[in-house]
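# Here you go, sequence then predicted model.
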Amino acid sequence: MSAEKNRGEVVRYWRSKAEESLSSAKRELDAGALTFAMNRTYYATFYAVSAALLEGHARFKKHAGVRAAFHREFIRSKLLDVRWGKFYDQLFQDRQEGDYLALIEFDRIYVEDQMARCHQFLAHLRPMVSSLREKRL
């Protein structure tokens, strides 16, 4: 299998994981597990950003590397509005707090709002992946 075909398969895999994570967030929200819903919402963005960066030939092993590259490649370059950079950073912080701080609780309305924004984020990011693919071809 060529490296190009393999990259395309991995990009599709991460995009699928993003959608799956957002669906999982909805199930966690419905079950009242707000911390887990927030975790899954963050991972939906993380996987989508990872797919977009991989489409541009970048790979990272750590969340901090993905986050820094996202800001460099999409926010500072003005491919995406700065509000999406702030959104990604907030989800990262929320996930960190939810996963690692004791006694943290999220408000249901806040989680629902972040999930709705995540849907919008994914919708804005999808064309970026297509545009990066077209630039390469």
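Here it is on my side, so go on. Just so we're clear, the structure is a prediction, and the values are computed from it rather than from any experiment.

# For the rest of this, base every contact and every neighbour count on C-alpha atoms.
Will do.

# For this structure, which residue occupies the most central location?
residue 45 (1.1 Å; CA atoms, centre = their mean).

# Report the rounded mean pLDDT for stretch 22-33.
Averaging pLDDT along stretch 22-33 yields 98.

# Same question for stretch 117-125.
Computed over stretch 117-125, the mean pLDDT rounds to 95.

# still on that earlier bit, check the spacing between the nearest residue to the residue nearest to the centre of the chain once chain neighbours are set aside and residue 84 real quick.
Spatial nearest neighbour of residue 45, excluding adjacent residues (CA to CA, 6 or more residues apart in numbering): residue 18 at 6.5 Å. Note on residue 18: its distance to residue 84, by CA to CA, to the nearest Å, is 16 Å.

# do the same with residue 22
Applying CA to CA, the value for residue 22 to residue 84 is 17 Å.

# same question, residue 56
For residue 56, the distance to residue 84 - CA to CA - is 19 Å.

# circling back to that earlier point, quick one, which of residue 22 and residue 84 is more surrounded?
Between residue 22 and residue 84, residue 22 has the larger neighbour count (other CA atoms under 10 Å), namely 25 against 19.

# How far does whichever helix or strand residue 46 is part of sit from its chain's centre?
Using DSSP states H and E, residue 46 maps to helix 34-55. With CA atoms, centre = their mean, to the nearest Å as the basis, helix 34-55 stands 3 Å off its chain's centre.

# next one: stretch 66-78
Chain-centre distance of stretch 66-78: 13 Å, with CA atoms, centre = their mean.
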